[in-house]
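**Student:** Provided below for reference: sequence and predicted model.
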Amino acid sequence: MDMKTSPSALRIDGPRLWSALMELAAIGATPKGGVCRLALSELDKQGRDLVTRWAREAGMTVTIDQIGNGFMRRAGRNNSLPPIMTGSHIDTQPTGGKFDGNYGVLAGLEVVRTLNDHGIETEAPIEVAFWTNEEGSRFVPVMMGSGVFAKAFTLEHAYAATDTEGKSVKDELERIGYLGAEEPGAHPIGAYFETHIEQGPVLEDHGKTIGVVTGVLGVRWYDCVVTGMEAHAGPTPMALRKDALQVATKLMQEVVACAHRHPPHGRGTVGMVQVFPNSRNVIPGNVKFSIDLRNASEALCDQMDADIRGVAARLSAESGLPIDIKLVTSFPATEFHADCVDAVARATQALGYSHMEAVSGAGHDALYMAKLVPAGMIFIPCKDGISHNEIEDAQPEHITAGCNVLLHAMLERAGVAS
């Protein structure tokens with residue numbers, strides 16, 4: 001084996017990967033330069049058909065499971081070993097971009113094409129997955145395919161989900177030809193890597209090419225209700241008011257302050273507010289709003305929970321208005337496996353890319369995979385940190401760099417056959 005094909009010298013074909021991304025992005029392309037390819041739509045079928053055709057042309061076999069997850073396999077020397085897997089999703093937001101999810105799938109395909117180009121045989125098989133309905137734009141829950149795979153919820157629950165037109169997941173899987181036979185979760189995996197645009201501004205802000213992702217922030221979603229008394233805005237003196245909105249806004253400010261009290265990964269957001277009766281000359285009598293708290297560990301999420309509940313109790317006591325906070329959804333903080341995190345770090349260092357440790361503030365399919373097998377993620381910057389938007393963008397050199405890191409991290413885990 002000469003130096004051009006020695007494992008340490010391997011590099012992916014960046015222009016080929018970029019071309020594949022642009023070809024996939026043409027399916028569901030929007031006038032503003034983004035992509036609308038909703039899960040299990042006719043356009044999703046076209047995207048799946050293109051990706052699986054490319055996989056078969058690269059000599060891979062394709063297996064589809066009962067929730068429509070796809071597993072594209074390149075055989076290894078020892079096919080009794082569980083495959084080293086990478087993947088992501090190819091469904092998009094209604095106003096999505098070219099890279100979210102799609103990059104992770106096509107980077108995996110480019111890894112296989114590169115191994116084929118150089119005649120490299122791995123000890124364990126390599127697999128590339130695409131997971132069904134990661135975005136949750138058309139059907140709920142989000143991360144549906146990987147969630148069913150990981151037994152976070154049942155296949156029956158996922159099948160019964162419907163879109164706004166009443167069409168069910170099961171019927172749509174059948175209609176587009178991706179209702180497979182394999183039981184979700186029955187597919188063996190040795191380790192899982194996912195490469196993704198960061199979807200935030202941190203890497204760009206620090207001038208780093210690669211984010212070595214150590215974990216995913218835990219998420220706590222709450223509904224908060226402040227109850228006062230609606231009354232006429234003119235005749236009611238200020239001292240005698242029970243203004244729910246004024247108390248609510250103090251608590252909303254404290255949601256942001258709470259995140260600042262739990263750095264560096266604390267996040268606090270109020271994104272939805274409903275004011276009753278929402279009339280210009282009526283003192284608000286009831287305010288309902290969302291609270292989104294996130295942090296890097298369950299202990300820190302617990303601390304933020306106690307913090308905001310304590311502030312709410314104080315504001316209630318001071319104002320005399322009841323404040324009710326209910327937890328409605330939570331995702332536990334996830335730490336990626338040290339072996340996979342280290343493999344990404346070693347690959348990054350060997351390739352000479354600038355890098356930093358990173359955490360994911362958004363959920364990804366890797367979150368569910370980490371419950372089952374050693375898992376890790378690779379981030380690259382996206383322009384201005386913007387994602388879930390048609391103007392989402394990434395630099396070709398960063399696309400190439402992330403895929404090179406993926407290649408070498410996967411090779412470390414899969415082994416090169418001698």
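**Tutor:** Happy to help now that I have it.
**Student:** where does the stretch 1-150 of the chain have low pLDDT?
**Tutor:** 1-5 (pLDDT under 70).
**Student:** And the strands in it?
**Tutor:** Listed in chain order, the strands found in the stretch 1-150 of the chain under DSSP state E, counting those that start in this stretch are 61-64, 70-74, 84-88, 126-130.
**Student:** right, and those - which one's nearest residue 23?
**Tutor:** Each of these was scored for nearness to residue 23 using CB to CB, and the closest is strand 126-130 (15.5 Å). Quick note: C-beta positions are derived from backbone N, CA and C, even for glycine.
**Student:** So what's the gap between that closest one and the chain middle?
**Tutor:** Relative to its parent chain, strand 126-130 has a centroid offset of 17 Å by CA atoms, centre = their mean, to the nearest Å.
**Student:** Direction included, what does that strand pair up with?
**Tutor:** strand 70-74 (antiparallel), strand 84-88 (parallel) (DSSP bridges).
**Student:** hmm, who's touching it?
**Tutor:** Identification of contacts with strand 126-130 by CB atoms under 8 Å, 6 or more residues apart in numbering yields 48, 51, 55, 60, 69-74, 76, 83-90, 105, 108-109, 111-112, 115, 189, 365, 410, 414.
**Student:** Please state the offset of stretch 99-113 from the chain centre?
**Tutor:** The chain centre lies 15 Å from the centre of stretch 99-113; the measure is CA atoms, centre = their mean.
**Student:** In it, which residues are buried?
**Tutor:** Using 16 or more other CB atoms under 10 Å as the test for burial, stretch 99-113 gives 99-113.
**Student:** ditto for stretch 28-43
**Tutor:** 28-30, 34-41, 43.
**Student:** Just the endpoints, please. Distance across that stretch?
**Tutor:** 6 Å (CA to CA, to the nearest Å).
**Student:** contact partners of it?
**Tutor:** 25, 27, 44, 47, 68, 90-98, 102, 132-135, 137-139, 144, 169, 172-173, 175-176, 178, 389-392.
**Student:** re earlier: got the strands paired with strand 126-130 as TSV, with mean neighbour count columns?
**Tutor:** Below are the strands paired with strand 126-130 laid out as TSV (neighbours: other CB atoms under 10 Å):
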stretch	mean neighbour count
strand 70-74	23
strand 84-88	28
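**Student:** got these as TSV, with distance to residue 406 columns?
**Tutor:** Shown next, in TSV, are the strands paired with strand 126-130 (distance: least, CB to CB, whole Å):
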stretch	distance to residue 406
strand 70-74	14
strand 84-88	6
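**Student:** Show me the contact partners of stretch 354-364.
**Tutor:** Identification of contacts with stretch 354-364 by CB under 8 Å, 6+ apart yields 88, 134, 142-143, 194, 196, 198-200, 202-203, 206-217, 219, 265, 267, 294, 296, 331, 345, 348-349, 377, 379.
**Student:** cutoff 6 Å now
**Tutor:** 143, 194, 199-200, 206, 208-217, 265, 296, 348, 379 (CB atoms under 6 Å, 6 or more residues apart in numbering).
**Student:** pLDDT of it, averaged?
**Tutor:** For stretch 354-364, the mean per-residue pLDDT is 94.
**Student:** Pull up the distance across that stretch, start to finish.
**Tutor:** Note: stretch 354-364 ends 24 Å apart using CA to CA.
**Student:** average model confidence for the longest helix along the chain?
**Tutor:** Scanning the chain for the longest helix, with DSSP state H as the assignment, gives helix 298-319. Averaged across helix 298-319, the pLDDT comes to 98.
**Student:** that older thread, make a PyMOL selection of the buried ones in the contacts of stretch 28-43.
**Tutor:** Of these, the buried ones can be selected in PyMOL as follows, counting by 16+ other CB under 10 Å:
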select buried, resi 25+27+44+47+68+90+91+92+93+94+95+96+97+98+102+132+133+134+135+137+138+139+144+169+172+173+176+178+389+390+392
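**Student:** among the strands paired with strand 126-130, which is nearest residue 162?
**Tutor:** strand 70-74 (22.7 Å).
**Student:** okay, that closest one in CSV with CA atoms only?
**Tutor:** In CSV, the C-alpha atoms belonging to strand 70-74 read as follows (Å, rounded to 0.1, in the frame of the first residue of the first chain):
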residue,chain,number,x,y,z
GLY,A,70,-32.6,3.4,6.2
PHE,A,71,-29.4,1.6,6.8
MET,A,72,-26.8,1.6,4.0
ARG,A,73,-24.1,-1.0,4.5
ARG,A,74,-20.6,-1.3,3.2
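**Student:** coming back round to it: just after the longest helix of the chain, pick out the following helix or strand.
**Tutor:** The C-terminal neighbour of helix 298-319 among helices and strands, as given by DSSP states H and E, is strand 323-331.
**Student:** packing partners for that following strand?
**Tutor:** With contacts taken as 3 or more CB pairs under 6 Å, 6 or more residues apart in numbering; DSSP states H and E, strand 323-331 sits against strand 218-227, helix 298-319.
**Student:** got the contact list for the shortest one?
**Tutor:** Put plainly, it is strand 218-227. For strand 218-227, using CB under 6 Å, 6+ apart, the contacting residues are 244, 247-248, 286-289, 291-295, 298, 301, 321-333.
**Student:** Now do it against helix 298-319, angle only.
**Tutor:** 10 degrees (axes from the mean of the first three to the mean of the last three CA atoms, to 10 degrees).
**Student:** strands paired with strand 218-227, and their directions?
**Tutor:** In the sheet, strand 218-227 lines up against strand 286-295 (antiparallel), strand 323-331 (antiparallel) (DSSP bridges).
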